[in-house]
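Student: how would this look folded up:
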Amino acid sequence: HSLVLGSNGSVYAFGNGTSDQLGEVVSQTYIPYAISGVTATQVLAGGNTSDLIDNGVLETWGSNSNGELGNGQTSSQLSQTATPQTVSNVSGLEAVALGSENGIASLSNGNVADWGSNQYGQLDDSTTPPPTAVDSPVTASGLNWL
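Tutor: Numbering: from 1, shown residues only. The predicted structure is shown next:
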């Protein structure tokens with residue numbers, strides 16, 4: 001799937017939407033359409049999730065099979081959603097990157113917060129195998145961008 005930011009802040013989506021990552025309950029579309037009620041200053045498309053930043057607030061929607069929505073809910077509480085969910089614990093948001101089933105954010109205090117799948121240790125939480133998924137952003141150990 002892909003997201004495009006319009007000049008007026010509108011968010012357009014197209015492609016595969018089987019995990020609600022298009023922001024509407026649409027399984028697939030080849031034609032970009034504006035997601036109703038959503039504006040942003042930055043958009044990101046991950047594996048089965050979509051993120052937007054608007055006024056320093058990070059929101060995400062799509063699959064939550066491994067906590068990749070970052071809203072503190074586990075997959076048993078919310079497996080997927082087309083409604084943007086606010087990501088918790090990311091105050092001072094400066095930049096965001098998405099993986100296939102995880103996200104990472106750099107914060108203004110120099111820390112890095114990450115969430116989602118940790119199958120291959122990509123969250124850098126220093127756990128020993130088997131790593132577990134994290135459904136809400138946590139500060140990554142040993143990482144500081146300043």
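
Student: top strand in this structure by residue count?
Tutor: Assignment by DSSP state E gives strand 28-39 as the longest strand of the chain.

Student: Helix or strand next in line after it, which one?
Tutor: With elements assigned by DSSP states H and E, the helix or strand that comes after strand 28-39 is strand 42-45.

Student: Note down every partner strand of the helix or strand just after that next one and its orientation.
Tutor: Next helix or strand after strand 42-45 toward the C-terminus (DSSP H and E): strand 49-54. Strand pairing for strand 49-54, determined by DSSP bridges: strand 42-45 (antiparallel), strand 57-63 (antiparallel).

Student: just the ones you listed: most buried one?
Tutor: Mean neighbour counts were compared across the strands paired with strand 49-54 using mean count of other Cβ atoms under 10 Å; the top stretch is strand 57-63, at a mean of 23. For every residue, glycine as well, the C-beta is placed using N, CA and C.

Student: Could you identify the helix or strand that succeeds that strand?
Tutor: With DSSP H and E, the next secondary element past strand 57-63 is strand 80-86.

Student: partners of the lowest-mean-pLDDT helix or strand in the chain in the sheet?
Tutor: The helix or strand of the chain with the poorest confidence is strand 134-139; it has a mean of 74 (mean pLDDT, DSSP states H and E). Paired with strand 134-139 in the same sheet, following DSSP bridges, are strand 112-116 (antiparallel).

Student: ok now the partner strand, how far from the chain's centre?
Tutor: Strand 112-116 sits 10 Å away from the centroid of its parent chain (Cα atoms, centre = their mean, to the nearest Å).
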